[in-house]
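> Next comes the sequence, and after it the predicted model I'd like to discuss.
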Amino acid sequence: MNTILKKISTLAQEYDFIPPEVIKEKNVKLGLRNPDGTGVVAGITTKGSVIGYHKLLRDAENDIYDIEQCDGKLYYCGYNVSTIAENLEKTKHFGFEEIAYLLLTGTLPTREELDLFSEELSRRRMLSREERRILMEDVKNDNQMYGLHSFISHMSRLDDRADSTDIEDVTRQCINIIAKVPSVVANNYNMTKFRNGGDLVVLRSKPELGMAENFLYMLTGDIPDPFEAMLFDIALILHAEHGGGNNSTFTVRVVSSSGANTYMSIAAGVASLSGHLHGGANESVDLMMEDMKSHVSDWGNDAEISGYLKKILENKAGDGSGKIYGFGHAVYTLSDPRAIILKRFCRELARRKERFDEFLLFEKVEELATGILSERKEKVISANVDYYSGFLYSMLGIPREIFTPVFAMARTAGWSAHRLEQIVQNKIIRPAYITPGLEELQYTGIDER
């Protein structure tokens, strides 16, 4: 590295480090988290509610609470997502469009309203010539999240009312993004394959298919199996929303609160989701499990699997991060309801795909990792949504490179709902940051330093 760049990076590390005792003394809540691990309340939303624990008042005078762990629950506008998923699975019909309508409006649609909304999404799903040209541009990096981010931000330049904060304009823009992102993700991946020597496959969406079916069709060129499309549809619903406090949704709300336009705000959500501590975790799980398959000779041997998991924690295996991916959550404690549903889906699909031995390995790793991590952390650490989602996607023929873009594809519904809510609430988000108590320094001229 250039000498001056190295010096700047070294000085930055030295200057920006804040000792833990100073953080405690100033009562700073890093990461907007309380000392007990719960999130600092930064707003109010009707869109999603994430329940992972109960707060029990211990000392009213000093406002001290105890945290009681509980099985996780997720609600969209008051409706239990597990119940929604069970109903869709039972009745065998697709529901993503219905849930997107619910998140945007706060109400479940009538049949007529759902038909009209689905028709609007279908009409907007097609990419224009200008939009297709964005995907066809030569690039030096094949990262699919970079491509999605660029596309959404570029949409600002194709909308002559991009900066409008009128609710009707914002609604149109949000629905436009929800409709187009599946086409973008599928076609951008196929364009990447073409750049790398594969055949060019760019398909137009089929108006008679819903979002889940269309995406799988545009990705492969084949009309998907109805059962597999239904599982994918419910998986998208499980990823569509997760309250206002998750990093990407909070990012969308912060950027929206400044008056930035819809495309910039949603692109900011994509940027947040690209991080490995947020949306990129399902790819990390897939890589971790591939590594485990090649290093664990007996997939049914508890001792061998436990030994390998401990090596991961000791930075002696895996990617060297010391992290077992797919476990733990900022809110959920005893269980993540989305992981429970996806695990059931994986069990059934693995039987059909003759990959049940892999499912048993996932199940065994879940059991053993939960025990190891819970013992080390002295609290229950359970599997989260990322643990099984990548395995499900791989069985559906979705390549690892677009696991996170698929997450973003689903979350556009929740991001859009929160953007609308933030604009209605109309308050810029501006938390406080304090200094560690540095005294004023005496400025000296450059020749005196």
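Okay, I see it.
> what sits against the residue nearest to residue 385 when sequence neighbours are not counted?
Spatial nearest neighbour of residue 385, chain neighbours left out: residue 338 (4.0 Å); criterion: Cβ to Cβ, 6 or more residues apart in numbering. Any C-beta I mention is one placed from the backbone N, CA and C, and that applies to glycine too. By Cβ atoms under 8 Å, 6 or more residues apart in numbering, residue 338 lies in contact with 74, 81, 238-239, 384-385.
> For the helix or strand containing residue 338, which residues meet the burial criterion?
If you go by DSSP states H and E, residue 338 is part of helix 337-352. In terms of neighbour count (16 or more other Cβ atoms under 10 Å), helix 337-352 has its buried residues at 337-343, 345-346, 349-350.
> now stretch 167-176
For stretch 167-176, the buried set under the neighbour-count rule, 16+ other Cβ under 10 Å, comprises 169-176.
> Do a quick rundown of the strands in this protein.
Along the chain, counting by DSSP state E, strands occupy 48-59, 64-76, 79-80.
> will you turn those strands into JSON lines that also has mean pLDDT, mean neighbour count and distance to residue 251?
Shown next, in JSON lines, are these (pLDDT from 0 to 100; neighbours: other Cβ atoms under 10 Å; distance: least, Cβ to Cβ, whole Å):
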{"stretch": "strand 48-59", "mean pLDDT": "89", "mean neighbour count": "15", "distance to residue 251": "15"}
{"stretch": "strand 64-76", "mean pLDDT": "91", "mean neighbour count": "17", "distance to residue 251": "20"}
{"stretch": "strand 79-80", "mean pLDDT": "98", "mean neighbour count": "15", "distance to residue 251": "25"}
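> what's the closest of these to residue 221?
For these, proximity to residue 221 was assessed by Cβ to Cβ; strand 64-76 is nearest, at 32.7 Å.
> same for the closest one, what does it pack against?
strand 48-59, helix 81-91, helix 96-105, helix 337-352 (3 or more Cβ pairs under 8 Å, 6 or more residues apart in numbering; DSSP states H and E).
> Tell me who's in contact with the residue nearest to residue 217 when sequence neighbours are not counted.
Spatial nearest neighbour of residue 217, excluding adjacent residues (Cβ to Cβ, 6+ apart): residue 223 at 5.8 Å. Contacts of residue 223 were listed using Cβ under 8 Å, 6+ apart, and they are 209, 213, 217.
> Write a PyMOL command that selects only the buried members of those residues.
A single PyMOL command selects the buried members of the contacts of residue 223 (16+ other Cβ under 10 Å):
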select buried, resi 209+213+217
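> Out of the contacts of residue 223, which is nearest to residue 376?
Nearest to residue 376, judged by Cβ to Cβ, of the contacts of residue 223 is residue 213 at 43.1 Å.
> mind listing what the residue lying closest to that closest one once chain neighbours are set aside touches?
Closest residue in space to residue 213, ignoring its immediate chain neighbours: residue 229 at 4.7 Å, by Cβ to Cβ, 6+ apart. If you count contacts by Cβ under 8 Å, 6+ apart, residue 229 has them with 94, 212-213, 216.
> In the chain, which residue is most central in space?
The centre of the chain sits closest to residue 279, judged by Cα atoms, centre = their mean, with a distance of 3.8 Å.
> So that residue is in contact with residue 408, correct?
Yes: between residue 279 and residue 408 there is a contact under Cβ atoms under 8 Å: 6.7 Å.
> anything in contact with each of these two?
Shared contacts of residue 279 and residue 408 (Cβ under 8 Å, 6+ apart): 145, 273.
> isn't residue 18 right up against residue 436?
Yes: using Cβ under 8 Å, residue 18 makes contact with residue 436 at a distance of 5.7 Å.
> Now for residue 414: which residues touch it?
Going by Cβ under 8 Å, 6+ apart, residue 414 touches 47-48, 103, 240-242, 249.
> nearest residue to it other than its sequence neighbours?
With sequence-adjacent residues excluded and distances taken as Cβ to Cβ, 6+ apart, residue 414 is closest to residue 241, at 3.3 Å.
> what does residue 377 give?
According to Cβ to Cβ, 6+ apart, the nearest residue to residue 377 is residue 328 (8.0 Å).
> Look up the pLDDT of the one you found for me, please.
Residue 328 is assigned 94 on the pLDDT scale.
> And it, how far from residue 283?
Noted for residue 328: a distance of 17 Å to residue 283, by Cβ to Cβ, to the nearest Å.
> The protein - how does it break down into domains?
With domains defined by automatic domain parsing, the chain comprises 81-271, 281-395.
> Residue 423 is nearest to which of those domains?
Minimum separation from residue 423 across the domains of the chain (Cβ to Cβ) falls at domain 81-271, 5.7 Å.
> Endpoint to endpoint, the closest one covers what distance?
Domain 81-271 has its terminal residues 26 Å apart, counting by Cα to Cα, to the nearest Å.
> same deal with stretch 131-151?
The first and last residues of stretch 131-151 sit 8 Å apart, counting by Cα to Cα.
> pLDDT of it, averaged?
Mean predicted lDDT for stretch 131-151 stands at 90.
> Pull the contacting residues for residue 424.
Residue 424 touches residue 167, counting by Cβ under 8 Å, 6+ apart.
> ditto for residue 334
For residue 334, the contact set (Cβ under 8 Å, 6+ apart) comprises 52, 69-72, 380, 382.
> how about a cut-off of 7 Å?
Residue 334 makes contact with 69-72, 380, 382, according to Cβ atoms under 7 Å, 6 or more residues apart in numbering.
> for residue 321, same thing?
Residue 321 makes no contacts at all, as judged by Cβ under 7 Å, 6+ apart.
> on that earlier part again, quick one: which of the contacts of residue 414 is most hemmed in?
residue 241 (31 neighbours; other Cβ atoms under 10 Å).
> these two touch, right, that residue and residue 46?
No: the pair residue 241 / residue 46 is not scored as a contact, 11.2 Å apart, by Cβ atoms under 7 Å.
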